[in-house]
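Enquirer: sequence? don't have it. structure:
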């Protein structure tokens with residue numbers, strides 16, 4: 001891959017799923033067979049961030065768990081093709097690889113879903129302790145908050161590499177309470193920032209107070225995603241407000257994963273706070289312009305081109 005950062009590598013700690021989506025052609029009829037199409041793809045926050053990082057040219061290891069089933073082979077083959085290094089991943093011979101099955105009706109709204117992600121509980125502190133040399137040798141470590149809380153706690157306490165955390169959701173963000181002291185970069189949205197800071201965001205003044213409260217907890221940098229309002233980037237002694245990058249929206253699902261990947265890429269390249277935030281919004285814009293969760297057109301060149309305009 002072009003623009004490889006030869007001596008540097010990053011590690012992503014998080015989940016990988018097989019996503020199976022069933023889309024009905026007509027309004028769903030309960031307890032009946034509905035004509036439609038079924039699609040299989042790879043997902044999971046950790047895997048999606050790792051995928052974007054590879055497209056940006058960052059050498060990436062993925063510390064995750066896969067089962068002893070055929071779905072694990074699909075994960076391994078895909079990661080091989082993308083250049084994501086799975087050599088340190090946990091294999092659970094009698095486990096089931098994480099799978100997410102959803103059914104959507106004819107207008108695209110999800111009707112029901114079943115999530116089988118029990119294997120993520122196998123990503124224990126003992127497993128991460130066995131990978132500490134790899135983790136401490138990394139230029140950056142990304143934590144997907146789908147990990148068990150005790151594993152996040154272990155990583156924040158024992159990993160010496162700069163730690164980037166994606167809260168994932170308000171439910172998952174609860175796990176991060178009291179664990180932010182050694183976090184280098186946090187990328188929350190408005191609701192997650194409220195939860196972790198204890199500050200209700202109602203205007204710009206409270207927005208800045210929420211971000212500062214996270215810095216006061218020990219976070220090195222906060223990139224607070226505000227949707228259409230862009231990104232508020234804060235580090236001790238500096239505040240930057242960066243507008244969104246214009247895009248033709250097709251699918252918003254992968255924007256956050258692309259932004260996190262871009263923040264790691266920017267950090268490894270030595271970009272400033274404002275430059276990192278701008279690159280994050282550019283990567284998010286590229287992501288939403290694809291029907292797929294990961295835009296195959298993502299690249300360092302594509303992000304830099306978007307920044308130049």
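Expert: Yep, it's here. Not measured: the values here are computed from a predicted model. Numbers count the residues shown, from 1 in each chain.
Enquirer: so what's residue 223 up against?
Expert: When contacts are counted by C-beta atoms under 8 Å, 6 or more residues apart in numbering, residue 223 is found next to 185-187, 231-233, 259, 263, 276-277, 280. For every residue, glycine as well, the C-beta is placed using N, CA and C.
Enquirer: Let's have those residues in a markdown table, adding pLDDT, neighbour count and distance to residue 112.
Expert: Conversion of the contacts of residue 223 to a markdown table gives the following (pLDDT from 0 to 100; neighbours: other C-beta atoms under 10 Å; distance: C-beta to C-beta, whole Å):
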| residue | pLDDT | neighbour count | distance to residue 112 |
| --- | --- | --- | --- |
| 185 | 98 | 24 | 36 |
| 186 | 98 | 27 | 33 |
| 187 | 98 | 22 | 30 |
| 231 | 97 | 26 | 34 |
| 232 | 98 | 22 | 36 |
| 233 | 98 | 25 | 38 |
| 259 | 98 | 26 | 29 |
| 263 | 98 | 27 | 34 |
| 276 | 98 | 26 | 39 |
| 277 | 98 | 28 | 38 |
| 280 | 98 | 29 | 34 |
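Enquirer: now those in TSV, with distance to residue 80 and secondary structure?
Expert: As requested, those are exported to TSV (distance: C-beta to C-beta, whole Å; DSSP: H, G, I helix; E, B strand; the rest coil):
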residue	distance to residue 80	secondary structure
185	29	strand
186	31	strand
187	28	coil
231	34	strand
232	38	strand
233	35	strand
259	26	helix
263	26	helix
276	30	helix
277	33	helix
280	28	helix
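Enquirer: Between those, which sits nearest residue 173?
Expert: Within the contacts of residue 223, the smallest distance to residue 173 is 9.8 Å, found for residue 186 (C-beta to C-beta).
Enquirer: what about the helices in the stretch 151-300 of the chain?
Expert: Per DSSP state H, counting those that start in this stretch, the stretch 151-300 of the chain has helices spanning 170-173, 190-197, 204-216, 255-268, 273-288, 300-308. These are given in chain order.
Enquirer: now residue 151: how far from residue 222?
Expert: Per C-beta to C-beta, to the nearest Å, residue 151 is found 23 Å from residue 222.
Enquirer: swap that for residue 88, please
Expert: Residue 88 sits 29 Å away from residue 222, taking C-beta to C-beta as the criterion.
Enquirer: Which one of residue 151 and residue 222 is surrounded by more residues?
Expert: A side-by-side neighbour count of residue 151 and residue 222, using other C-beta atoms under 10 Å, places residue 222 first with 28 against 23.
Enquirer: bridging residues for the more buried one?
Expert: For residue 222, the beta-bridge assignment (DSSP bridges) gives partners residue 186, residue 234.
Enquirer: Would you confirm that it contacts residue 231?
Expert: No: assessed by C-beta atoms under 8 Å, residue 222 is found out of contact with residue 231, at 9.8 Å.
Enquirer: Overlap of the contact sets of the two?
Expert: Between them, residue 222 and residue 231 share no contacting residue under C-beta under 8 Å, 6+ apart.
Enquirer: nearest residue to residue 59 other than its sequence neighbours?
Expert: Ranked by C-beta to C-beta, 6 or more residues apart in numbering and with sequence neighbours excluded, the top spatial neighbour of residue 59 is residue 9, at 4.2 Å.
Enquirer: In contact with the one you found, which residues are there?
Expert: Per C-beta under 8 Å, 6+ apart, neighbours of residue 9: 58-61, 137-139.
Enquirer: again, only this time at 7 Å
Expert: With contact set as C-beta atoms under 7 Å, 6 or more residues apart in numbering, residue 9 has these partners: 59-61, 138-139.
Enquirer: Most neighbours among those residues, which one?
Expert: Each of the contacts of residue 9 was scored by neighbour count (other C-beta under 10 Å); the top score is that of residue 60, with 26 neighbours.
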